[in-house]
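Peer 1: kindly generate the corresponding structure for this input.
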Amino acid sequence: MACLGITIDGSDVFAVFDAAGEAIANARRHKRPMLLECKTYRYHGHFIGDLAPYRNRAEIEQEKKKDCIAAFESKVRAHRWLSEDTLSQIKMDSLEKVRDAVRFAEEKSLPRARCVPRRRLRQLLNR
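Peer 2: The predicted model follows:
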């Protein structure tokens, strides 16, 4: 039995929401998974030192015009689904969650190698 899958614009919050709903309904109805490939664009390199010389500035700027947060806000404002106060509160809450996650990660130390089960370590190394 093949796994169904669809490709969607991962920068379109509403398209992702609709596709996720379809995938959930499909999984419940047919008792099988569905793959969602959400195409997005990464503005920065793969890591801090990656200056991304393989992309040009114009390409990055063009993709930024399709930013998912800006597009979401624009659509919500156009349809008057949320007030400006609610949008501001969502932004503040989101930033606080990110700050909390970063703080949590920075306060924790990396696990010691002996904490990783040997079988799992072999699986990771043999990929």
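Peer 1: for stretch 6-19, the averaged confidence score.
Peer 2: Mean per-residue pLDDT for stretch 6-19: 95.
Peer 1: can you pull the buried residues of that stretch?
Peer 2: Within stretch 6-19, the residues that count as buried by 16 or more other CB atoms under 10 Å are 8, 9, 10, 11, 12, 13, 16, 19. For glycine as for every other residue, the C-beta is placed from the backbone atoms N, C-alpha and C.
Peer 1: would you confirm that residue 35 belongs to a helix?
Peer 2: No - counting by DSSP: H, G, I helix; E, B strand; the rest coil, residue 35 is not part of a helix but strand.
Peer 1: and which of the buried residues of stretch 6-19 is nearest residue 58?
Peer 2: The closest of these to residue 58 turns out to be residue 11 (CB to CB; 18.0 Å).
Peer 1: keep only those of the buried residues of stretch 6-19 that are in helices.
Peer 2: 13, 16, 19 (DSSP state H).
Peer 1: residue 78: which of those is nearest?
Peer 2: residue 13 (13.8 Å).
Peer 1: select the longest helix from this structure.
Peer 2: Per DSSP H, the chain has its longest helix at helix 84-107.
Peer 1: and the buried residues of stretch 6-19, which two are furthest apart?
Peer 2: Pairwise over those, using CB to CB, the maximum falls at 11 and 19, 12.8 Å.
Peer 1: show me where this protein dips below the pLDDT cut-off.
Peer 2: For the chain, the stretches with pLDDT under 70 are 1, 111, 113-116, 118-122, 124, 127.
Peer 1: could you find the closest non-adjacent residue to residue 35?
Peer 2: residue 5 (3.4 Å; CB to CB, 6 or more residues apart in numbering).
Peer 1: good, wrapping up.
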